[in-house]
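1. Coordinates for the following, if possible.
(2 chains)
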Amino acid sequence: MSITDIIGLALPNWTGVESDVTSDKNLFATVSPRDILFFFVGIVIAYILGLIISHHVRMRMSHRLKKDQLDILTGFIRAILIIIAVGLSLPGLLDLSVTIILICIAGVIAIIALSSQKVISNMVAGVALLYESPFATGDYISTGGVEGTVIAVRLFSVRIRTGEGIYVHIPNDQIYSTAVSNVHANVARRFEYRVGIRYQDDTNRAIAIIRQLLEKHTFVLENPAPAVFVSDITADSVLLSIRAWFPSNWQLTKDDISRTTSILPNVKDALEAAGIEMPYGQRVVWFANEPSSVKDPAAGNGQK
Amino acid sequence: MFGRFPLDYSHDDQEIKIRLSDTGSLLKYERECRGSREERYLGRSFSAIHIYPVEPVNLPEPLTQYLEIAFPPVVLPPGAEQTVYVKFPVEIGVFLESNGKQSPLDVFSLVPVKFSLYGLPSSGLITRWFKSDIYPEIPSVDMYREGVMALTLKNCRTENAKVSRAVFDSSSMCLYYGTRVAMTATLEVFSEYLARTTFTDAAPPDCPNRAIDLYRASSFALSTTKGCFMEAGTS
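-> This is a model prediction of the structure:
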């Protein structure tokens, strides 16, 4: 194997038909046990080297990269090493130049691409997803009507476990062309709750009680500070809105039921303990044949 | 309560109860603190129990490795260097010793936990938040609740610097204990939006004992940082 073979500059192989024919004739004729041994030893060395480098990369980068990214990086390193090993040892084994091998690989890839466009489409979307990293393993996402925790991001598909424990397999091209909401992409997340109180209750006192409750809550972030304000005055009640930020990686943040159970029941209990009650729906019904004197609510003795 | 103890150790006061008892083939570890109770059975091959203050970022669940201390604003002139004292929350770690190595068993605290966001939701940090006053001298504290940090503020700017909070990376904390729990740290202000906090691994005179770092004692710890860059300002 000459240097020109290695760097793929074996020009006669590109242009000289006789040379190609000669090469094809001697394709396996010149293979010696030494070449075969060289081929397999090269692969094994590349594999072991890949494992060692991957281990060191994991040790040094695990606090900087997510598991998915580490898997991809180490997989890429190992694949490159194997390709280099094959590239260096195969020409000697088959008596072929690197150029011919690359042409063969390109041909195979072209055939696969033509025969399985959907698979290639998924793969390309998978590479795009890995590059853009809109989510990673462990993130809680919502996409195309599916909501759950990402358990694996693969080259062709994403696997999700829903809150009900159902395994969902989504092809990458589908997920890449759909909007994805990622609960964990930002470190903090805001939720809003609404609580109604009666008209006769002291609004400022209710706000102060709710604020106090939020200040004591471990996972309601100190900054940005929670906000409590009157957001609407409806027919039945004065509506108070509560806006609070939570850490995104708090395990309950992703689950609507869990986050509400920790806040709203406590708000209800605290308000009721202070004599502020949740309002009932109210309707005032006037009978058509009532004397005009009793229609006046200010009179105080109207019949309802 | 801090230190290395034999496996028949027990501690009982109004707030913290720790008890190790022999159940035959196993040891039983029981702990009660602020209404929370922990109970575990241990193999007999352990040789001792250690109780130390640990980095206060582990409870109620490990959400962050950053501790943020908020304090009244301090304005520093250009080039100034000022040492002040602030309090920080104490978390207590229980370790088991086996073959000369300590491994974490339990963490508890008497101090309520509050989290905060330092920076923007998209690029900021979730921090364990603690409000402290500024003290010119070492304040008196309940050592099982609060520690005292000697914080040196350095203004490296050519303008005044206003400092009202500091964010610390727990991976490089150096906790000492003695008559109190203590840390020594530095906050350098480089610009309106950039500062750095670092810890000094030096024992204060009245706190000669170095605590075990939970971060380093844990098997997942691979490296520590050389300080924490605060890229969202100091006020």
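2. May I have the residues that are in contact with B:Tyr118?
-> Contacts for B:Tyr118 were tallied using Cβ atoms under 8 Å, 6 or more residues apart in numbering or on different chains; they are A:223, B:66, B:68, B:124-127, B:165, B:167, B:230, B:232. (Each C-beta comes from the backbone N, C-alpha and C, glycine too.)
3. Ramachandran angles for the most centrally placed residue in chain B?
-> Closest to where the C-alpha atoms of chain B average out (Cα atoms, centre = their mean) is B:Glu55, at 3.0 Å. For B:Glu55, the backbone dihedrals are phi -50, psi 130 (criterion: degrees, to the nearest 10).
4. near chain B, which residues of chain A show up?
-> A:59-60, A:62-63, A:185-189, A:216, A:218-219, A:221-224, A:245, A:247, A:249-251 (Cβ under 8 Å from any Cβ of the partner chain).
5. where exactly do the helices run in chain B?
-> Secondary structure of chain B by DSSP state H: the helices cover B:214-217.
6. Return the helix or strand in it with minimum mean pLDDT.
-> Taking mean pLDDT, DSSP states H and E as the measure, chain B has helix B:214-217 as its least confident helix or strand, at a mean of 65.
7. circling back to that earlier point, narrow the residues of chain A next to chain B to those in strands?
-> Using DSSP state E, the members of these that fall within strands are A:188-189, A:245, A:247.
8. May I see the PyMOL selection of the buried members of the residues of chain A next to chain B?
-> Buried members of the residues of chain A next to chain B, identified by 16 or more other Cβ atoms under 10 Å in any protein chain shown, are gathered into one PyMOL selection as follows:
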select buried, chain A and resi 185+187+188+189+219+221+222+223+245+247+249+250
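9. quick revisit: what is the nearest of the contacts of B:Tyr118 to A:Ile83?
-> Distances from A:Ile83 to those, taken as Cβ to Cβ, are shortest for B:Leu125 (40.0 Å).
10. Find me whatever residue is spatially closest to the closest one, sequence neighbours aside.
-> Take B:Leu125 and drop its neighbours on the chain: the residue closest to it by Cβ to Cβ, 6 or more residues apart in numbering or on different chains is B:Tyr118, 4.7 Å away.
11. swap in B:Lys114?
-> Across the structure, with Cβ to Cβ, 6+ apart as the measure, the residue nearest B:Lys114 apart from its sequence neighbours is B:Trp129 (4.8 Å).
12. before we move on, what about B:Glu68?
-> Distances taken as Cβ to Cβ, 6+ apart put B:Thr127 closest to B:Glu68, at 3.6 Å, once the chain neighbours are dropped.
13. measure that neighbour to A:Trp250 for me?
-> 14 Å (Cβ to Cβ, to the nearest Å).
14. cool, and B:Ser109?
-> When Cβ to Cβ is the yardstick, B:Ser109 and A:Trp250 sit 18 Å from each other.
15. cool, A:Ile120 as well?
-> A:Ile120 sits 40 Å away from A:Trp250, taking Cβ to Cβ as the criterion.
16. Just the C-alpha atoms of stretch A:37-53, please, in CSV.
-> Taking Å, rounded to 0.1, in the frame of the first residue of the first chain, the C-alpha atoms of stretch A:37-53 are listed here in CSV:
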residue,chain,number,x,y,z
LEU,A,37,-4.5,-10.4,10.6
PHE,A,38,-3.6,-6.8,10.0
PHE,A,39,-7.2,-6.0,9.1
PHE,A,40,-8.7,-7.6,12.2
VAL,A,41,-6.0,-6.3,14.6
GLY,A,42,-6.5,-2.8,13.2
ILE,A,43,-10.3,-3.0,13.9
VAL,A,44,-9.7,-4.4,17.4
ILE,A,45,-7.1,-1.7,18.2
ALA,A,46,-9.4,1.0,16.9
TYR,A,47,-12.3,-0.5,19.0
ILE,A,48,-10.2,-0.6,22.2
LEU,A,49,-8.8,2.8,21.6
GLY,A,50,-12.3,4.1,21.0
LEU,A,51,-13.4,2.7,24.4
ILE,A,52,-10.5,4.2,26.2
ILE,A,53,-11.0,7.6,24.6
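17. contacts for that stretch?
-> With contacts defined as Cβ under 8 Å, 6+ apart, stretch A:37-53 is touched by A:74, A:77-78, A:81-82, A:84-86, A:88-90, A:92-93.
18. Show me which of these are buried.
-> Neighbour-count burial (16+ other Cβ under 10 Å) applied to these gives A:74, A:77-78, A:81-82, A:85-86, A:88-90, A:92-93.
19. Please list the members of these that lie in strands.
-> Members of the buried ones among the contacts of stretch A:37-53 lying in strands (criterion: DSSP E): none.
20. Let's have those in TSV, adding pLDDT.
-> As requested, these are arranged in TSV below (pLDDT from 0 to 100):
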residue	pLDDT
A:Thr74	82
A:Ile77	84
A:Arg78	84
A:Leu81	86
A:Ile82	84
A:Ala85	83
A:Val86	80
A:Leu88	77
A:Ser89	75
A:Leu90	72
A:Gly92	65
A:Leu93	66
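21. isn't the residue nearest to B:Lys114 right up against A:Asn223?
-> Yes: B:Trp129 sits in contact with A:Asn223 when judged by Cβ atoms under 8 Å, with a separation of 7.5 Å.
22. what's near enough to touch the residue most central in space within chain A?
-> Centroid-nearest residue in chain A: A:Phe135, 2.4 Å away (criterion: Cα atoms, centre = their mean). Taking Cβ under 8 Å, 6+ apart as the criterion, A:Phe135 is in contact with A:141, A:150, A:153, A:180, A:182, A:184-185.
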